[in-house]
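1. Starting from these lines, generate the structure:
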Amino acid sequence: MARSLLNGNRVKAVVRLTTLFLPGRVPRQVVESQWNKSRLSRFATLLTDSPFRLSPPAVPAVAVLAKPAPPPFPYHKWSLTGLIESPLTEAHIRNAASGKSHVLRIGDRFHEMELVDVRGFVAEFILDGKVCLVELGSTMVDRRELSDAERIGSAQ
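-> This is a model prediction of the structure:
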């Protein structure tokens, strides 16, 4: 009888051996041991790994799901509704659907857009490192990106 202990790292075995003894009789020929390394080599894999060890439980494959990208900000719902040029320059924006409004001053951010300047009926924002203009009454998505030539001309 054999029993596996500690997941097959140890094996407890009980061997019962019965020897037949017949008084007064001798064997006809003495049997010598047949053991040698070449005959035992075919059992090497069996002896190096315990046949009683339980195989480790299969680890279920865990699917790594990419985190979905957040939805884009709804700039199309926000309109530039007012501009004030003064020492406290302001741009007023409003969401027509929700009725929410924000007042931005130079340097304030509206999501990823930063207010840089107000000139006449146009507000100048920086978005993703690019300068863009939004006209009064337009939505924030109706912006026009300034080219390098336009920026150089406006800086003079």
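2. Distance check, the spatially closest residue to Thr89 that is not a sequence neighbour against Ala44.
-> Nearest non-adjacent residue to Thr89, counting by CB to CB, 6 or more residues apart in numbering: Val118, 4.9 Å away. To be clear about C-beta, it is placed using only N, CA and C from the backbone, and glycine gets the same treatment. Distance of Val118 to Ala44, computed by CB to CB, to the nearest Å: 85 Å.
3. quick check: domain ranges of the chain?
-> 1-16+37-54, 75-155 (automatic domain parsing).
4. In TSV: the ones you listed, plus mean neighbour count.
-> Below are those laid out as TSV (neighbours: other CB atoms under 10 Å):
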stretch	mean neighbour count
domain 1-16+37-54	10
domain 75-155	15
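5. Which of these has the lowest mean pLDDT?
-> For the domains of the chain, mean pLDDT drops lowest on domain 1-16+37-54, to a mean of 67.
6. so where do the strands sit in the chain?
-> 2-5, 10-13, 78-84, 90-95, 101-105, 109-110, 113-119, 122-127, 130-135, 144-145 (DSSP state E).
7. So which of the ones you listed is nearest Pro23?
-> strand 10-13 (31.5 Å; CB to CB).
8. Run me through the strand neighbours of the closest one, direction for each.
-> Taking DSSP bridges as the criterion, strand 10-13 sits next to strand 2-5 (antiparallel) in its sheet.
9. which one of the strands of the chain lies closest to Thr19?
-> Smallest distance to Thr19 across these (CB to CB): 18.9 Å, for strand 10-13.
10. quick one, what contacts the spatially most central residue of the chain?
-> The centre of the chain sits closest to Ala66, judged by CA atoms, centre = their mean, with a distance of 5.7 Å. Listed by CB atoms under 8 Å, 6 or more residues apart in numbering, the contact set of Ala66 is empty.
11. what does Asp108 give?
-> Contacts of Asp108 by CB under 8 Å, 6+ apart are Glu114, Leu115.
12. and if you look at the one 3 residues further on?
-> Taking CB under 8 Å, 6+ apart, we find His111 in contact with Phe73, Tyr75.
13. ok, now Cys132?
-> Met113, Glu124, Phe125, Ile126, Arg143, Arg144, Glu145, Leu146.
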